[in-house]
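Trainee: compute the structure for the input listed below.
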Amino acid sequence: MFQVTLWIELLAAGLGGLQGALFAAGEKHRRIDVLGVIVIGLAVSLGGSLLRDIVLNQPPVVIWMNWYLVVAAGSAILGMLVQPVLARADWLITGLDAVVMGVFGAIGASKALSLGVGPAGALVVGIIGAIGGGMLRDVILNLPISFLQVGTLYAVAAGAGAGTLIVLAAFGTPIMIAGVVCVVVTTLMRLTAIRFGWRFPEQGPVRRPRSRVR
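Mentor: Predicted coordinates for the structure are as follows:
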């Protein structure tokens with residue numbers, strides 16, 4: 001029986017809150033106030049878990065676990081405070097975003113497996129958990145949804161990590177080891193895609209046939 005322990009859930013909440021706040025605090029041109037930064041941090045921290053539990057028809061852990069909101073909010077405040085020091089470290093925010101995706105993807109896939117969901121369903125749940133926080137962040141900030149944009153490979157990186165976890169678990173690998181591998185695979189694929197500009201072909205405009213004038 002797969003189990004997601006409390007400290008792993010809280011680690012994901014903390015990393016999500018930190019990354020979301022760092023991202024929001026860096027959006028100086030939007031003039032986001034302190035409350036707004038904290039809200040964005042909470043959105044990144046809670047979004048993936050909330051969507052995951054809704055899809056799995058489970059009580060949302062973000063509501064039922066007392067420490068989840070506390071850790072997420074505290075991490076968001078920390079992110080807001082340290083952002084001025086890290087203002088030029090865009091690579092840190094990008095890297096942390098990739099790690100957060102991997103952690104939430106691993107939790108989502110393993111929780112789905114623990115409930116008896118099949119491999120395909122667990123893969124979908126893992127992807128939803130990985131990208132849910134980023135989706136909610138983009139919606140609140142009125143930004144283009146990240147995983148729908150050319151060159152991001154958000155969902156591909158999340159799927160690669162969650163898929164790796166599912167395969168390893170099927171072969172009897174301890175879930176903790178499989179989860180770590182999931183985080184590593186997701187992070188490396190995401191950062192490599194950014195570094196080398198990997199992308200899917202962009203949808204081009206539909207060309208209408210020219211009518212011939214006789």
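
Trainee: how about the residue lying closest to residue 191 once chain neighbours are set aside, what does it touch?
Mentor: Nearest non-adjacent residue to residue 191, counting by CB to CB, 6 or more residues apart in numbering: residue 98, 5.5 Å away. Glycine gets a C-beta too; all of them are placed from N, C-alpha and C. Contact analysis of residue 98 by CB atoms under 8 Å, 6 or more residues apart in numbering lists 157, 186, 187, 190, 191.

Trainee: list the contacts of the fourth one.
Mentor: With contacts taken as CB under 8 Å, 6+ apart, residue 190 has the following neighbours: 97, 98, 101, 153, 154, 157.

Trainee: now do the contacts for the last one.
Mentor: The contact partners of residue 157, taken as CB under 8 Å, 6+ apart, are 98, 101, 130, 186, 187, 189, 190, 193.

Trainee: and those residues, which two are the farthest apart?
Mentor: Pairwise distances across the contacts of residue 157 (CB to CB) peak at 14.2 Å, for the pair 130 and 193.

Trainee: and these two? Which one has more around it.
Mentor: Remark: of residue 130 and residue 193, residue 130 carries more neighbours, 33 against 18, as counted by other CB atoms under 10 Å.

Trainee: in JSON lines, list the contacts of residue 98 along with distance to residue 36.
Mentor: Shown next, in JSON lines, are those (distance: CB to CB, whole Å):
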{"residue": "157", "distance to residue 36": "28"}
{"residue": "186", "distance to residue 36": "28"}
{"residue": "187", "distance to residue 36": "28"}
{"residue": "190", "distance to residue 36": "26"}
{"residue": "191", "distance to residue 36": "28"}
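
Trainee: what's the closest of the residues you listed to residue 54?
Mentor: Distance to residue 54, by CB to CB, is smallest for residue 186 among these, at 21.8 Å.

Trainee: helix or strand: which one has the closest one?
Mentor: helix 175-196 (DSSP states H and E).

Trainee: that helix: which residues count as buried?
Mentor: Using 16 or more other CB atoms under 10 Å as the test for burial, helix 175-196 gives 175, 178-179, 181-183, 185-187, 189-191, 193-194.
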